[in-house]
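[1] Provide a 3D model corresponding to the input given below.
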Amino acid sequence: MPTTVIVGAVAAGMSAATRLRRLDEDHEIIVLEAGEHVSFANCGLPYYVGGVIPERESLLLQTPQSLRARFDLDVRVNSRVVAVDADAHTVTVRSADRGPYDLTYDHLVLSPGARPIVPDVPGAERALVLRDVADVDRMADAVAGARSAVVVGAGFVGLEVAENLAHRGLSVTVVELAPQVLGALDSELAIRVQDRLEEHGVRVLTGSTVSEISAADVTVAGPDGSHRIDADLVVAAIGVTPDSTLAASAGASLGPRGAVLVDDDMRTSVPGVYAVGDVAAKRDALDDGPVLIPLANLANRHGRRVADVIAGRGGRGRGAIGTAVVGVFGLTAAVAGRTERRLIAEGRAYRAIHTHPADHAGYYPGATQMALKLLVDPDTDEILGAQGVGEAGVDKRIDVIATAMMGGITASELADLELTYAPAYGSAKDPVNMLGYVAENAATGETPSLQWHELAAAADEPVVLDVRTEAEHDRGTVEVPWQSPLVIPVDELRERHGELPRGRRVVVHCQVGQRGHTATRLLRQLGHDAVNLDGGWLTWRDGRRTLVPARA
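    Numbering: from 1, shown residues only. Predicted coordinates for the structure are as follows:
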């Protein structure tokens, strides 16, 4: 009977164990967990802190006893693997109940996850982290007597923690080293998330670092100098680093940020040893290189994959694009694939598209506007990335685009996707279809566009034309230093285009880009060198408010 030893009993490890049992009843499966709990809902931890999930037991999905009963798994908690002898195919276990002992394996699956990063500053031992049930118990106890909190880090977990601490009535400050919150988004979308945080009373300090944590406050150094912030509670949500010490000691090769390098079958460089979950590097679907993406959906997927490999099932593993979503005070932010910032850093050519559609038909009550961004390879029309921020419907659209990316559907082909439609759920031209229309127009050259951050740097000082109504213009418009605002509503443009100077490029803008497209097409056919300001005034407004544009 073959024996598989799995180190780590949360997402990837338990997915591997249960899948392997379903595939092979005649297999000894031993799962070793260093902590006290197995198969818990770690993505739900912030919501238990905030009281959204009222019962702690809701986080505990399985126990060693339930896993033994249903899957005949030998799950051992409080059992830490301290050494691997790859030549002898043994692991050394330090157990609270049994003392040290050795286990022999045929297959070893390493799934220890990742360790939270804590700032290296005086007083850092006071900072709480949130990775497991013991962490959430400590945080829940601390919240009970707290009035103020500082959250260090404005990524997915940091924002979830900040929101839930605010739900509990704490005065919350978020401190982020980067010039924006939520680095998974580009700046012109991330600013909307920051706005939502501040609207709900969360203080946001970007471009700032924590330099000291004392018993009652935190010292923050930022663009305006250093100051102290009251903090009964301090949470470190900077990120995680792969817990790859055991793998390295076994001789496994490491990659980005210490992640264990694996092939598409989750094999490490050590025969008989696999790595899955947050400890393992994923294969980037866009360039095939190794990348660290610590997400639960990928951990579960790769746990299933390694079980298939051990059971002798074929099939090639898939690359990862990093699809993720977060909710912040009723606002949804979602992303798949590359950001513009990362594409620039990689030196890769791209085309950006911004739209601002309603989540469903505008005439049906309750429609809300979202901001979508699509990044496209200008030569192949491949979708490189997508982002969205809005109150409703964002997750649905990003999921569709993520599926298109994995299926090899091009940006222009989004126009032809058949998606569900009824007035309460979408539009006859779904926001995803609309992105496809814009991508197709750009690919064919029908509607040249200019990005918000390119306008200020335009050396030719083009004519900037607002084709909205005077009333819309008066509520806010694109401003450039070389010209006073010029307004010709799109419905009057055919008769009044003669007011535009000949021989100069014309940058057309409306509110979101749609009327700008119509005006650009008209002007080009009338002999003007016209381009559309991508995403219209809304994208320009949001981009100009950010501290650092994407191109920097």
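[2] Going along the chain, name the strands of the stretch 401-550 of the chain.
    For the stretch 401-550 of the chain, applying DSSP state E, counting those that start in this stretch gives strands covering 449-450, 463-466, 486-487, 506-509, 530-533.
[3] Please produce TSV containing the ones you listed, extended by mean pLDDT.
    Below are the strands of the stretch 401-550 of the chain laid out as TSV (pLDDT from 0 to 100):
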stretch	mean pLDDT
strand 449-450	96
strand 463-466	97
strand 486-487	96
strand 506-509	98
strand 530-533	97
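[4] want to try CSV for those, with distance to Ala231 and mean neighbour count as columns?
    The way it works is simple: take the backbone N, C-alpha and C, and place the C-beta from them, glycine included. Output for the strands of the stretch 401-550 of the chain, formatted as CSV (distance: least, CB to CB, whole Å; neighbours: other CB atoms under 10 Å):
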stretch, distance to Ala231, mean neighbour count
strand 449-450, 44, 20
strand 463-466, 46, 24
strand 486-487, 50, 15
strand 506-509, 44, 27
strand 530-533, 43, 26
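[5] Switch these over to a markdown table; also include distance to Thr4.
    Below are the strands of the stretch 401-550 of the chain laid out as a markdown table (distance: least, CB to CB, whole Å):
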| stretch | distance to Thr4 |
| --- | --- |
| strand 449-450 | 54 |
| strand 463-466 | 65 |
| strand 486-487 | 70 |
| strand 506-509 | 60 |
| strand 530-533 | 58 |
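[6] Any idea which of the ones you listed gets closest to Ala281?
    With distances scored as CB to CB, the stretch of those nearest to Ala281 is strand 449-450 (36.1 Å).
[7] quick check, distance from that closest one to the centre of its chain.
    Mean-position distance between strand 449-450 and its chain equals 27 Å (CA atoms, centre = their mean, to the nearest Å).
[8] Relative to it, what are the paired strands and their orientations?
    Sheet partners assigned to strand 449-450 using DSSP bridges are listed as strand 530-533 (parallel).
[9] Need the CA coordinates for the partner strand. CSV is fine.
    The C-alpha trace of strand 530-533 is given here as CSV (Å, rounded to 0.1, in the frame of the first residue of the first chain):
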residue,chain,number,x,y,z
ALA,A,530,-9.1,63.6,-33.9
VAL,A,531,-8.5,61.1,-31.1
ASN,A,532,-10.8,60.0,-28.2
LEU,A,533,-9.7,60.5,-24.6
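[10] What degree of burial does the closest residue to Met14 other than its chain neighbours show, as a neighbour count?
    Spatial nearest neighbour of Met14, chain neighbours left out: Ser39 (4.6 Å); criterion: CB to CB, 6 or more residues apart in numbering. Ser39 has 23 neighbours, counted by other CB atoms under 10 Å.
[11] rewinding a little: quick one, which of the strands of the stretch 401-550 of the chain is nearest to Cys43?
    strand 449-450 (37.7 Å).
[12] is the spatially most central residue of the chain in a bridge, and if so with what?
    What sits nearest the mean C-alpha location of the chain, by CA atoms, centre = their mean, is Ala324, with 4.2 Å. Here Ala324 sits in beta bridges with Val335, going by DSSP bridges.
[13] how about the helices in the stretch 301-450 of the chain?
    With DSSP state H, counting those that start in this stretch as the criterion, the stretch 301-450 of the chain has helices at 340-346, 394-407, 431-444.
[14] Break down the stretch 151-300 of the chain into its helices, ranges please.
    For the stretch 151-300 of the chain, the helices defined by DSSP H, counting those that start in this stretch cover 156-167, 187-199, 245-249, 296-310.
[15] buried residues in the last one?
    Applying a neighbour-count criterion of 16 or more other CB atoms under 10 Å, one finds 296, 298-310 buried in helix 296-310.
[16] Show me how far it is from its chain's centre.
    Remark: helix 296-310 is offset 20 Å from the chain centroid, using CA atoms, centre = their mean.
[17] packing partners for that helix?
    Here helix 296-310 touches helix 11-23, strand 107-110, strand 273-275, going by 3 or more CB pairs under 8 Å, 6 or more residues apart in numbering; DSSP states H and E.
[18] What distance do you get for the residue nearest to Met14 to Val81?
    18 Å (CB to CB, to the nearest Å).
[19] likewise Ile398?
    38 Å.
[20] More neighbours: which of those two?
    Under the neighbour definition other CB under 10 Å, Ile398 and Val81 were set side by side, and Ile398 has more, 24 against 21.
[21] Please give me every residue in contact with Val136.
    Val136 sits next to 45, 48-49, 56, 59, 130 when contact means CB atoms under 8 Å, 6 or more residues apart in numbering.
[22] Equivalent analysis for Val376, please.
    Val376 makes contacts with 350-353, 382-384, 411, 439, 442-443, as judged by CB under 8 Å, 6+ apart.
[23] per-residue pLDDT, it?
    The per-residue pLDDT reported for Val376 equals 98.
[24] same check, this time on Tyr350
    97.
[25] give me the number of residues near it?
    18.
[26] give me phi/psi at it?
    Backbone geometry at Tyr350, expressed as degrees, to the nearest 10, gives phi -160, psi 160.
[27] Quick check: the gap between it and Glu188.
    Distance from Tyr350 to Glu188, counting by CB to CB: 15 Å.
[28] What confidence value was assigned to the closest residue in space to Ala11 that isn't next to it in sequence?
    Ranked by CB to CB, 6+ apart and with sequence neighbours excluded, the top spatial neighbour of Ala11 is Ala299, at 4.0 Å. Note on Ala299: pLDDT of 95.
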